[in-house]
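> predicted model follows, preceded by the sequence.
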Amino acid sequence: MDTKLIHGGVFGDPHTGAVSVPIYQVSTYKQRRVGEHAGYEYSRTGNPTRAALESLIAELENGARGLAFASGMAAISTLVSLFNQGDHLVVGDDVYGGTYRVLSKVFSRLGIDADFVDTSDLDQVKAAIRENTRAVYMETPSNPLLKVSDIRALADLCKERGLLLIVDNTFLTPYWQNPLDLGADVVVHSATKYLGGHSDVVAGLLVTKDEQLGEQLHFLQNSIGGILGPQDSWLLMRGIKTLGLRMKQHEANARRIAEWLREHPKVKNVFYPGLPDHPGHALAARQARGFGGIISFDVGSAEAADKVLESTRFFTLAESLGAVESLISVPARMTHASIPPERRAELGITDGLIRISVGVEDVEDLIEDLGRALG
């Protein structure tokens, strides 16, 4: 995988020998005659820089087709556009707030219905499937409670019922987990996060297991038009080259911090799949090669959470995650604010829940920072 990150996809430029794929800042392409071109005709349909990125992510996820979008939500919205009025989706109950929002507030108006259930409980998924269900959509680990769902078991269920299985792999990235290898049909990435890794690009990616589904999604990508530009495509490829180095450091730091938080008297609960007592630890160890760099922990109240957020120096209060710098947030009032309060309470997304995206700084500095804030 470390070698794939550097040499995967389209490597370099055959025209000049440049080792970096050029940024093709172009909207249209000269045609030899009507309908005869050199592979590209208009940059919404295809751009060589974006195509290089799409080839790379397909190879990293062991898929047939990759597609790049202007944001994670553009990718998800294009994906949901596969479905028709009257179709039904089973969706994880602990998903990113933007995913919940677009399904419950936008696509619901267009006649695409969704039920939100705990996908880590196979019986709940089975019970939610209807005659008009077309897909199961889930994150593993989930956001922000880090629940782990069994990809292979869900894939078997979906195959038996004729459903698509869609897995958001943002938290672990293809470096730690490959859902298509476990039977999923589509992988989703908010590439803004770990894949970009430097808080300087907003992007979304899809990868399909088979070419036919990839072609359907390319038709929708071209029709809807939420494509990623060449400059951002290039930035994303540059970020991916160091993904392995970063993910190893993110995880090493996160493990240390999770163990430290578990012993802190002011912390009520710690959610991190890398801890042996996490309910999904054994499953995560079987289906992934690592546990990632996201930790959530509960300090009991909104007031206590605010004191922590106001006191950190190296943990920056900000939306997003997965960058080299450590970030801290309160999901109930930030990333998951679009979920109704009563629904958050059902899920356990309390006002005192803090989510940290552990960066690649020196771990002793990060522990000292959190210790001072909690004190």
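Nice, I can see it.
> give me the residues contacting the helix or strand of the chain with the lowest mean pLDDT.
Least confident helix or strand, the chain: helix 341-347 with a mean of 85, by mean pLDDT, DSSP states H and E. Here helix 341-347 makes contact (CB atoms under 8 Å, 6 or more residues apart in numbering) with 93-94, 145, 332, 336, 339, 350. Heads up, the C-betas are built off the backbone N, CA and C, glycines and all.
> can you add distance to Thr119 and pLDDT and give those residues back as CSV?
Below are the contacts of helix 341-347 laid out as CSV (distance: CB to CB, whole Å; pLDDT from 0 to 100):
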residue, distance to Thr119, pLDDT
Asp93, 8, 92
Asp94, 8, 88
Leu145, 12, 92
Ala332, 21, 90
His336, 17, 82
Ile339, 16, 78
Thr350, 21, 93
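> on that earlier part again, so what strands line up beside the very next helix or strand once past the least confident helix or strand of the chain?
Following helix 341-347 in sequence order, the next helix or strand is strand 353-357 (DSSP states H and E). Here strand 353-357 has these sheet partners by DSSP bridges: strand 294-298 (antiparallel), strand 327-329 (antiparallel).
> may I have the distance across stretch 223-230, first residue to last?
18 Å (CA to CA, to the nearest Å).
> actually, stretch 112-132.
For stretch 112-132, the end-to-end distance is 10 Å (CA to CA).
> quick one: buried residues of that stretch?
For stretch 112-132, a neighbour-count test (16 or more other CB atoms under 10 Å) marks 112-120, 125, 128-129 as buried.
> how about stretch 200-219?
201-209, 213-214, 217-218.
> residues touching Met334, list them.
With CB under 8 Å, 6+ apart, Met334 has these contacts: Glu319.
> ugh, typo on my part, it should be Asp115
88-91, 128.
> just checking, Ala332 touches Arg355?
No. Using CB atoms under 8 Å, Ala332 is not in contact with Arg355; the gap is 9.9 Å.
> number of nearby residues for Met237?
By other CB atoms under 10 Å, the residues close to Met237 number 23.
> re earlier: now the buried residues of stretch 200-219 in JSON lines, with secondary structure and distance to Glu54?
Below are these laid out as JSON lines (DSSP: H, G, I helix; E, B strand; the rest coil; distance: CB to CB, whole Å):
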{"residue": "Val201", "secondary structure": "coil", "distance to Glu54": "15"}
{"residue": "Val202", "secondary structure": "coil", "distance to Glu54": "17"}
{"residue": "Ala203", "secondary structure": "coil", "distance to Glu54": "11"}
{"residue": "Gly204", "secondary structure": "strand", "distance to Glu54": "12"}
{"residue": "Leu205", "secondary structure": "strand", "distance to Glu54": "8"}
{"residue": "Leu206", "secondary structure": "strand", "distance to Glu54": "9"}
{"residue": "Val207", "secondary structure": "strand", "distance to Glu54": "9"}
{"residue": "Thr208", "secondary structure": "strand", "distance to Glu54": "11"}
{"residue": "Lys209", "secondary structure": "coil", "distance to Glu54": "15"}
{"residue": "Leu213", "secondary structure": "helix", "distance to Glu54": "14"}
{"residue": "Gly214", "secondary structure": "helix", "distance to Glu54": "9"}
{"residue": "Leu217", "secondary structure": "helix", "distance to Glu54": "11"}
{"residue": "His218", "secondary structure": "helix", "distance to Glu54": "9"}
